[in-house]
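*Asks:* Structure, please.
(one chain, ligands or ions: 3)
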Amino acid sequence: MSSIETPRGPVDSSRVPRYAGPATFARLPRLDEVGGRTEVAVVGVPFDSGVSYRPGARFGGNAIREASRLLRPYNPAQDASPFALAQVADGGDIAVNPFNINEAVETVEAAADELLETGARLMTLGGDHTIALPLLRSVAKKHGPVALLHFDAHLDTWDTYFDAEYTHGTPFRRAVEEGILDTEALSHVGIRGPLYGKRDLDDDAKLGFGIVTSADVMRRGVDEVADQLRQRIGDRPLYISIDIDCLDPAHAPGTGTPEAGGMTSRELLEILRGLASCNLVSADVVEVAPAYDHAEITAVAASHTAYELTTIMSRQIAAARKDSEAK
Ligand SMILES: N=C(N)NCCCC(=O)O
Ligand SMILES: [Zn+2]
Ligand SMILES: [Zn+2]
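*Replies:* Numbering: from 1, shown residues only. Ligands and ions are numbered 1, 2, ... in the order given. Down below sits the predicted model:
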């Protein structure tokens with residue numbers, strides 16, 4: 001997008017009630033309303049055939065969109081108006097086959113390829129954690145192996161379930177095996193809860209991951225954790241994958257594999273804000289299962305999480321544009 005074009009922003013909630021009309025993320029225009037080109041594409045991934053426990057994350061994207069109606073255009077925590085700094089648009093949902101996981105994984109990868117090729121960064125909403133693998137494949141095709149910051153109660157580096165390789169508990173082992181992650185810069189944040197055995201941790205460490213547990217976040221505080229993560233990431237292209245179950249079930253009851261003792265939504269948002277200088281190329285917010293939600297607690301947390309992530313992307317897009325204009 002050239003710098004003279006002004007991004008088309010959200011519907012003005014002082015003129016059209018925010019509860020009126022179909023929900024796009026943050027009431028932003030649809031991709032087709034901005035000529036099919038955008039700098040940040042927000043896309044839903046209605047897929048949950050990879051889950052090991054409660055299903056329902058296929059409905060996560062639309063629940064997040066509904067909860068995002070109350071987002072406002074200025075983000076004081078990052079002193080930025082994300083939708084004025086860059087074009088952000090809602091690209092709708094990727095139509096994935098619920099009956100064939102292998103095909104679904106291919107479809108997500110192809111759809112992500114198409115969007116990334118236009119130069120957009122991707123912010124995906126919903127789905128189970130299986131989808132992180134095809135999204136990472138696509139991002140790695142463009143940027144090479146990327147740094148990964150993974151917020152989750154779970155490691156998701158297990159090998160197989162029922163002999164299946166593509167599940168929501170296995171995407172990051174597959175990604176390391178495929179060489180699409182920069183193994184110098186892999187971190188999990190929010191880890192807690194029972195494992196199958198100590199070996200899970202040994203295997204995870206061998207793959208290259210560092211772990212910040214939810215108790216570490218509580219003891220060390222968000223600023224120190226964000227500093228440490230920033231140092232590990234450096235200026236590498238970064239993918240952030242957020243499993244909403246990184247939050248405590250009190251902050252995110254609407255999810256498929258809840259674990260007690262998690263982070264607060266305030267902690268998650270603050271850590272993300274501490275990463276605003278990182279080169280965030282794409283991100284996902286997964287595992288939002290609205291059937292178990294109450295009062296949109298989970299969907300609201302997820303919508304604010306996606307808002308912080310899109311703010312980071314928009315700020316960087318605007319800064320890069322300014323740099324290139326100065327040259
Ligand atoms: N990715 C999520 N949410 N959960 C993985 C849990 C895998 C298990 O059932 O052990
Ligand atoms: Zn999880
Ligand atoms: Zn997960």
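
*Asks:* and the longest helix belonging to the chain, what does it pack onto?
*Replies:* Assignment by DSSP state H gives helix 297-326 as the longest helix of the chain. Using 3 or more Cβ pairs under 8 Å, 6 or more residues apart in numbering; DSSP states H and E, the elements in contact with helix 297-326 are strand 40-44, helix 60-67, helix 82-85, strand 121-125, strand 237-243, helix 265-273, strand 279-286. Heads up, the C-betas are built off the backbone N, CA and C, glycines and all.

*Asks:* buried sites along it?
*Replies:* 297-318, 321 (16 or more other Cβ atoms under 10 Å).

*Asks:* same check, this time on stretch 88-98
*Replies:* Buried residues in stretch 88-98 (16+ other Cβ under 10 Å): 88-91, 93-94, 96.

*Asks:* any chance of the residues you listed in JSON lines, plus secondary structure and pLDDT?
*Replies:* Formatted as JSON lines, those follow (DSSP: H, G, I helix; E, B strand; the rest coil; pLDDT from 0 to 100):
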{"residue": "Val88", "secondary structure": "strand", "pLDDT": "98"}
{"residue": "Ala89", "secondary structure": "strand", "pLDDT": "98"}
{"residue": "Asp90", "secondary structure": "strand", "pLDDT": "98"}
{"residue": "Gly91", "secondary structure": "strand", "pLDDT": "98"}
{"residue": "Asp93", "secondary structure": "strand", "pLDDT": "98"}
{"residue": "Ile94", "secondary structure": "coil", "pLDDT": "98"}
{"residue": "Val96", "secondary structure": "coil", "pLDDT": "98"}
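
*Asks:* Check these against ligand 2 and report the nearest one.
*Replies:* For the buried residues of stretch 88-98, the closest approach to ligand 2 (Cβ to the ion) belongs to Val96, at 19.7 Å.

*Asks:* Just give the closest residue to the spatially most central residue of the chain, not the sequence neighbours.
*Replies:* When Cα atoms, centre = their mean is applied to the chain, the residue found nearest the centroid is Asp284 (2.0 Å). Closest residue to Asp284 apart from its sequence neighbours, by Cβ to Cβ, 6 or more residues apart in numbering: Thr124 at 4.4 Å.

*Asks:* Likewise for Val40?
*Replies:* Distances taken as Cβ to Cβ, 6+ apart put Val88 closest to Val40, at 4.3 Å, once the chain neighbours are dropped.

*Asks:* any idea how far the one you found is from ligand 3?
*Replies:* From Val88 across to ligand 3, the span is 25 Å (Cβ to the ion, to the nearest Å).

*Asks:* same check, this time on Thr130
*Replies:* Counting by Cβ to the ion, the gap from Thr130 to ligand 3 is 9 Å.

*Asks:* Same check on Val300?
*Replies:* Taken as Cβ to the ion, the span from Val300 to ligand 3 is 20 Å.
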